[in-house]
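> model this:
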Amino acid sequence: MADISNPRPMVNSKLLKNYMGRRVTTVVKVARTEGGNVVGELPDGAPITVKQAPQHVAAQSQFMEVIGVVEGDRSLRAETCTSFGDNFDMSTYNDLCQLANIENRECFV
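Below you'll find the predicted structure:
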């Protein structure tokens with residue numbers, strides 16, 4: 001059974017500001033690594049820095065799911081990162097983020 005006691009909203013850049021200091025889920029298209037951080041794009045194409053992201057996950061594929069805490073308009077502190085391979089439809093995930101936060105929120109909690 002899924003744990004729904006602490007839901008994690010799915011976000012794009014437009015939704016990040018609504019969840020400052022809270023735990024969220026998103027998918028990042030990896031552009032590069034810088035020290036312990038991953039720099040990439042959110043589902044709607046906006047830039048993002050993922051702090052404390054495991055470098056081995058970022059090196060495995062072009063896309064990764066990030067569960068983490070929103071620290072700013074363009075940054076997350078990673079708690080968990082999962083490789084999503086090299087073929088992922090960010091446009092569809094962006095649509096899902098919007099649906100999950102506006103029209104059908106109760107379906108995703």
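> show me where this structure has its helices.
Remark: helices assigned in the chain by DSSP state H are 13-16, 55-60, 90-101.
> any chance of those helices in CSV, plus mean neighbour count, distance to residue 70 and mean pLDDT?
C-beta coordinates here come from the backbone N, C-alpha and C atoms, glycine included. Formatted as CSV, the helices of the chain follow (neighbours: other C-beta atoms under 10 Å; distance: least, C-beta to C-beta, whole Å; pLDDT from 0 to 100):
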stretch, mean neighbour count, distance to residue 70, mean pLDDT
helix 13-16, 20, 5, 93
helix 55-60, 16, 19, 82
helix 90-101, 17, 13, 91
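> in TSV: those helices, plus distance to residue 31.
What follows is those, written out as TSV (distance: least, C-beta to C-beta, whole Å):
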stretch	distance to residue 31
helix 13-16	15
helix 55-60	10
helix 90-101	13
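> out of those helices, which is closest to residue 29?
Among these, the nearest to residue 29 by C-beta to C-beta is helix 90-101 (6.2 Å).
> by contact count, what packs against that closest one?
strand 23-34 (3 or more C-beta pairs under 8 Å, 6 or more residues apart in numbering; DSSP states H and E).
> chain center to the strand it packs on: distance?
Distance of strand 23-34 from the chain centroid (C-alpha atoms, centre = their mean, to the nearest Å) equals 6 Å.
> dump the worst-scoring helix or strand of the chain on mean pLDDT to PDB, restricted to CA.
Lowest mean confidence among the helices and strands of the chain (mean pLDDT, DSSP states H and E): helix 55-60, at a mean of 82. Provided in PDB are the C-alpha atoms of helix 55-60 (Å, rounded to 0.1, in the frame of the first residue of the first chain):
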ATOM      1  CA  GLN A  55      26.600  12.000  -9.600                       C
ATOM      2  CA  HIS A  56      26.400   8.400 -10.600                       C
ATOM      3  CA  VAL A  57      22.700   8.800 -11.300                       C
ATOM      4  CA  ALA A  58      23.200  11.900 -13.400                       C
ATOM      5  CA  ALA A  59      25.900  10.100 -15.400                       C
ATOM      6  CA  GLN A  60      23.600   7.100 -16.100                       C
END
